[in-house]
Every structure is written in C-alpha cells, then in structure tokens.
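J.: model this:
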Amino acid sequence: MPLLKKMGGRKTPPPEKPASDARTVRLEKEQPAAPSVPGTRQVKPEEDVTPSQMTRPMDPDALEGQPTGPAAAEEAPRSPTLSVGAILEGRYQIESVLGIGGMSVVYRGRDLRFKGVYRICAIKEMIDRSPNSQTRGITLKNFEREASLLATLNHPAIPKIYDYFVVGGRIYLILEFVEGQNLEDILEESLEPLEEERVVRWAVQICDVLSYLHNHKPEPIIFRDMKPSNVMITSDERIVLIDFGIARIFEADLKGTMIGTEGYSPPEQYRGVAEPRGDLYALGATMHHLLTKSDPRLETPFTFHERPPSSLNPDLSPQLEGLIMKALEYDVQQRWASAVEMRSALLDLAHLDIADLRPGGVPAAGPSGGERMLWSFECEEEVRASPLIYNGVLYVGAYDNNLYALDTSAGKFLWKFPTQQGICSTACSWERFVAVGSEDGNVYALHAQSGQVQWTARTGGPIRSSPRVLLDALFVGSDDQNVYAFDLRRGEQIWTYRTWGAVRSSASTAGRVIFIGSDDGHIYAIESRSGELQWKSRTGLPVVSSPVTAEGMIFVGSWDSYLYALDQNSGWPAWKFRTQGRVTSTPLVYGSRLYVGSSDGNLYCLETRNGKQVWKFETQSFITSSPQVVGGKVYFGAGNGQVYCLQAESGREVWSFQTGKPVTGTPAIEEGVVYIGSMDQRVYALRA
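T.: Predicted coordinates:
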C-alpha cells in the first residue's frame, strides 16, 4: 500500500456496487486517479480501492477462494479511530492522519522511545473482519507469519517494518516513513511522457528489488501488483516499492477477491497463477504507461501489441521499445526469463546512453571541420572504445569484433586481430605486448608489433571493463560479476573476487590495492596479491565509472547522479557532488581541479578538496567520454557527435569538431594530436 499520501488530493469513491453475478471472479478495473492538488508529499496510505483490488503479494500460492455474495463486496470507507496525541503501546504517538482506505487508516507517528531524536514512522491500523473466533485466530496467525517474513527482508527499496501488535481488536503495523512521490503522481504532473533516461534508471532499480524478492529463500516472493502508484521516488531518485499488501491477509475469507490491477496484471494472473515473470509483465506495462501517458486501465487488457510505445511516443528509441514489448508478451515463455536478465538488458541499453538511439537524436551528416582533421580511418562497425597510443601505434577496438593497430602519423593500417564479439574495452600495454577484453568473454594478450596471440584468458561473461596492469598482474572486470587477476606472463588466473553485479568499471591502483566499481552499486577496494576485500562503499546505483586516485582520495561517479570522493584507506565519503544525470564518465584530476562528464549534458569542473563547482560546460547531449587535460586544455567527446576542446581554467570553448555519430570513448592525446573514435565507425586524428 502506498505509505505516502497528501490529504485532500483525492476524493474517497462511493462504495462498490454489488456484483451482478456472485459466482463470477474477475479483476476489477482500477480507475485513474483525479488530478492531485499541489502540495507537500507525505507518506501515503492504501489507495481508496475496493476489496477486489487489494493484493496479497507475499503469498506465492495460487489465488484463493470463490466469490461471495454482494454484501462482502460492499464496504464503506473507514474513519480515523485514533486522535492526534494518542499513544499506542506507550511508545508511538499519533501526529496526524496521512490517509484513509477501505480497510485501513495510516497515521504519521513519532517513536517516543528515542528521546534524543525526532524519529517519525508510519502507523497502519487495520481491522480484522473475520466472522468468528476460529477464523480470527487463523488470520492472526497468517498475519504474524507474513509480518515476520517482511521483517526479514533487507533491501533499500523495501520499507522496513519495525513492529506490530494488537490493541482493542485492531492490528497495527509500524513501518518506515518514506518521503517521496509515487510514479502515478509524477506522471500526472507531467504534460508529456516521462524521459527515457529516468524511466530506464528507475526500471533498473525495480529489477534489482524484484530479483531480490524472486530469489528469496526458502520461498520466492512475488510482488503481484506492480504499477506506478506502488513505486515511490525519493528526493535522490531512489525507488521504494510500497503496498506489499499485508492487509490482504484479512480478506482471506472474502470470496471473489482477486490479485492485481487490471491493465497491469499479466494474463496468467487472471487464472490464479502467480510467478516471477508476471512481475516483469507488470513492470513492462508500467514503463509503457510512463513513456506514453496511455493508461492501461482504460484499455482492453492484453492489447499492448496493438499500441506499441512508439505509436504514441515517436521519439522513443526502438531498442527500448523492443525491451518493453518483450516484457509484455502474452506467452510467459516469450518474456524475459528473470529480473536479472531484464536488468542486464536495461543496463546494456543505458550503457549506450539512450539519446544516441533515438530517431534523429544525432546529426546524420559526416564530419565537419576538415581543417582540424589530420586523418581518419574507417572501421566496419561502431567505435565505442577509447584508443591506446603505444610506441607510435594506435590500438582501438570496434564493434566489428576487431582490435585495430594503426600508424599514428598517417592512420595507416598495420594489422587487426579478430575476436568473436564486439570490443568496447580499451587496450592496455606492457613491455612488448598489448591486452584487450572482448564481449566474447576473453582477455587477449597480443604481440604489439605483429598482433600474434601470446595468451588468452577466459571469463564467464562479456568483458566491457578495460584491463589494467599493476606489477606482474593484469586486472579486469567481467559481466559475470567477477573481478579477475591474471598473471601477465602466462595468462593464468591468480584470483577472482565476486561482486553482485556486472563489473564494467575499470580498476585503478594505489600501492597494493586496486579500486573498481560494480553494477551492484559498490566501489570495492581489493588487495592486489591476495584478492582479499579491504573495504567497499555503497552508492545508490551501478558504478560504471572507473575510480581515480589522488592525494589519498578515490574519486568515482555513479548512476545515482553523484560524484563521490572517498577516503582511500577506509572508503568513508569526504564529499559528494550531485549532477542531474548518470555519471558514467571517469573523472580526471588535474592539479587541484577535477573534471567529469554527466548524462545531463554537462562537463563539470570541481575543486578536489571540497567538491565545490568551479564551472560547467553544457553540450545539450550526454557525456560518457572521460575528459583528458593537456597543456591547460580539456578534451572530451559527447553524444551529439562533437569533440570539444575547452580552457581547463575557465571552461571557455576553444574549438569543437563534428563527427557523424555519438562519441562515447575517451580521447588519447600525444604530441599535439587528439585521437578519438566515434560511433560513425571512424577513428579521427585532430590537431589539438
């Protein structure tokens, strides 16, 4: 149930009319809410819905029960039974009514046990409607079981339950008070469909918590009622799932109640079948609604194929549309196999930064500014990787599966090495060798002059992390969730360290420790020889940005929109700076300044000491490219296909060069020349 509700924003509906056929079991259609009144958002209680709309997501069994007569369906709204100032259990003081539903009242309360702090909580009051003492005992036992189960859940996207008790025949839950706004209200306030980047960012988080629930032991937990009004967004863009439907346990003996909300619920849920992929269908329906403003509750169920998102929102990228439509397949077997798989697809999509996938999102014209271009080399597919310059040779991977070696003076082709999948990893070098990771899951060590294989090391997933060398070991992350250490001479595995997300960040080193991020939202500090964890620090979302070290600090970006400054020895945050978009770009420290790009379209210059903004430069397109500073100038690429040169001190533009597609990689600069790749399939050499 929504724990946040603003008072006076939505009228209580009249009691539900009796069903015309008491033997008919159906999902009732939830009507869209009336426009809300502007005001402060508070924790919202259960929406004013009929009993047929209530859910019991914690029960993995099939739908229970048969319909009863009309009397069971009619239920008048409740009124508050507790006055402001009342104290429950000598501990919880009522401060205000947050909202009223047909089965419960939710209050804002204060926990008086904490004398020195002001600790607020949400207090949900429910009434036991069971007809006799025997059934009341059964429902109370079921409630205790499910409340205890919820109490064992530990995930940042699930509100915590602190306490429950019975007073005067009424049952109370004490829950975490969640400040925020639900997605339905956010959509109502928007004149247009919501931005793709925000929706994908939220969907990644939702998949994360669904995966946690679906893999719960000893039994999986199915949410069963995914919809915009059941997803809260906090002020820092973190999602919190609400309405876990514990109140539903008290409807166990009311026949005819169904699970879910028409329009969002999958077809099998109408048949009483609840399984994890049903939650993915409902997530797809939620994303469809957010991206089109087409309310599925007003449409015939299961007709999403008749109104694909792009027919209502032409600016939607085809890749995201395909992802959503797969989640909305009528046949369960045709959907995403798991929340993990769907999350991975969302991360793959977001890794490209959706703006470059939209129709007309990037100029189709070829490169401009020929007077600055020294040469260009055309590959057979997109170039997303960053080039490496080593002994007068440029090494760069492309999505035609090849690692290319080019002469830096004229762009002359020297050799190419074919892998089995695309390459977005940046090569590294040592002695006579270069090494690169491929999405085929292998690290290849090649002779720098001839391209001949010296050794190959296999991981369990695609490699999008770039290998790094420290002493006699090579370190790289893999989408199989592991960080690997390989012997440089023979390619033998020294150790692996398991994270809980794909590792697309690249390692940095300081002393005997490597630092690397993971899609599980953590930055890890790992001892380079033993693979033992020294510390880890959590951010709100995946960390694709690569950490950099300077002056005893670690600087790294996160998809939660923040740039973090962490103590190198402990991982404790010294400061964090918020941008308005994902930070995939790897920061660069130059003197006392730090430079980093964001998907909000800005390149930021900050003070390393305190994170204070010095200046920002707006490109009006995403930036995943990591800046480089040479000779007092900062160079980087952007999603609009431009390569920029700015004054490092002031942020003033010196020049820009237009390529034909987004520039996602990082420039390499040597002897007055900027080398950089573009998704227009070319590698460019530009006068610095």
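J.: Skipping adjacent residues, who's closest to the spatially most central residue of the chain in space?
T.: Centroid-nearest residue in the chain: V204, 3.2 Å away (criterion: C-alpha atoms, centre = their mean). Leaving aside its sequence neighbours, V204 sits nearest to L346 (C-beta to C-beta, 6 or more residues apart in numbering; 5.0 Å). Where C-beta positions appear, they are placed from N, C-alpha and C, glycine not excepted.
J.: Just confirm that neighbour is within a helix.
T.: Yes: using DSSP: H, G, I helix; E, B strand; the rest coil, the assignment for L346 is a helix.
J.: circling back: just checking the distance from the host helix or strand of the residue nearest to the centre of the chain to the centre of its chain.
T.: Using DSSP states H and E, V204 falls within helix 196-214. Distance, stretch centre to chain centre, for helix 196-214: 5 Å (C-alpha atoms, centre = their mean, to the nearest Å).
J.: and it, what does it pack onto?
T.: Counting contacts by 3 or more C-beta pairs under 8 Å, 6 or more residues apart in numbering; DSSP states H and E, helix 196-214 packs against strand 231-233, strand 239-241, helix 276-292, helix 339-351.
J.: Next, format these as JSON lines and append mean neighbour count, mean pLDDT and distance to L194.
T.: Output for the helices and strands packed on helix 196-214, formatted as JSON lines (neighbours: other C-beta atoms under 10 Å; pLDDT from 0 to 100; distance: least, C-beta to C-beta, whole Å):
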{"stretch": "strand 231-233", "mean neighbour count": "24", "mean pLDDT": "92", "distance to L194": "11"}
{"stretch": "strand 239-241", "mean neighbour count": "22", "mean pLDDT": "92", "distance to L194": "13"}
{"stretch": "helix 276-292", "mean neighbour count": "25", "mean pLDDT": "95", "distance to L194": "5"}
{"stretch": "helix 339-351", "mean neighbour count": "21", "mean pLDDT": "83", "distance to L194": "15"}
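J.: Out of these, which gets nearest to V434?
T.: helix 339-351 (23.7 Å; C-beta to C-beta).
J.: mind exporting the closest one as CSV, just the C-alpha atoms?
T.: Coordinates of each C-alpha in helix 339-351 appear next as CSV, following Å, rounded to 0.1, in the frame of the first residue of the first chain:
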residue,chain,number,x,y,z
ALA,A,339,14.5,-9.9,-13.4
VAL,A,340,18.3,-10.3,-13.7
GLU,A,341,18.1,-10.8,-17.4
MET,A,342,15.8,-7.8,-17.9
ARG,A,343,18.0,-5.7,-15.7
SER,A,344,21.0,-6.7,-17.8
ALA,A,345,19.2,-5.7,-21.0
LEU,A,346,18.3,-2.4,-19.4
LEU,A,347,21.9,-1.8,-18.4
ASP,A,348,23.1,-2.7,-21.8
LEU,A,349,20.7,-0.1,-23.3
ALA,A,350,21.6,2.5,-20.7
HIS,A,351,25.3,1.8,-21.2
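J.: For the next helix or strand after that helix, give me every contacting residue.
T.: Remark: after helix 339-351, the chain's next helix or strand is strand 373-378, criterion DSSP H and E. Applying C-beta atoms under 8 Å, 6 or more residues apart in numbering, the external contacts of strand 373-378 come out as 367, 404, 406, 410-411, 413, 657, 673, 681-687.
J.: Most neighbours out of the residues you listed, which is it?
T.: The residue in those with the most neighbours, by other C-beta atoms under 10 Å, is Y684 (28 neighbours).
J.: gap between the two ends of stretch 466-485?
T.: 13 Å (C-alpha to C-alpha, to the nearest Å).
J.: Buried residues, the helix holding V204. List them.
T.: 196-197, 199-214 (16 or more other C-beta atoms under 10 Å).
J.: Let me see the ranges of the helices in the stretch 101-250 of the chain.
T.: For the stretch 101-250 of the chain, the helices defined by DSSP state H, counting those that start in this stretch occupy 133-152, 183-189, 196-214.
J.: Contacts only, for the residue nearest to V204.
T.: Counting by C-beta under 8 Å, 6+ apart, L346 has contacts V200, A203, V204, C207, L323.
J.: quick one: which of the residues you listed is nearest to P627?
T.: For those, the nearest to P627 is V200 (24.5 Å; C-beta to C-beta).
J.: wait, doesn't that closest one sit right on L349?
T.: Yes: using C-beta atoms under 8 Å, V200 is in contact with L349, at 6.5 Å.
J.: Give the residues shared as contacts by those two.
T.: Going by C-beta under 8 Å, 6+ apart, residues that sit against V200 and also against L349 are L320.
J.: ok, what's across the strand from the closest residue to D163 other than its chain neighbours?
T.: Leaving aside its sequence neighbours, D163 sits nearest to I174 (C-beta to C-beta, 6+ apart; 4.0 Å). Note on I174: beta-bridge partners I123, D163, judged by DSSP bridges.
J.: tally of neighbours for Q568?
T.: Counted with other C-beta under 10 Å, the neighbours of Q568 add up to 20.
J.: Got the domain ranges for the protein?
T.: Domain assignment for the chain, taken from automatic domain parsing, gives 51-351, 387-538.
J.: Identify whichever of the ones you listed lies nearest to A565.
T.: domain 387-538 (10.8 Å).
J.: Paired strands for the helix or strand harbouring Q93, with orientation please.
T.: Using DSSP H and E, Q93 sits in strand 92-100. Here strand 92-100 has these sheet partners by DSSP bridges: strand 87-88 (antiparallel), strand 104-111 (antiparallel).
J.: same question for it, mean pLDDT?
T.: Averaged over strand 92-100, pLDDT sits at 88.
J.: Check the offset of it from the chain's centre.
T.: Worked out by C-alpha atoms, centre = their mean, strand 92-100 lies 33 Å from the chain centre.
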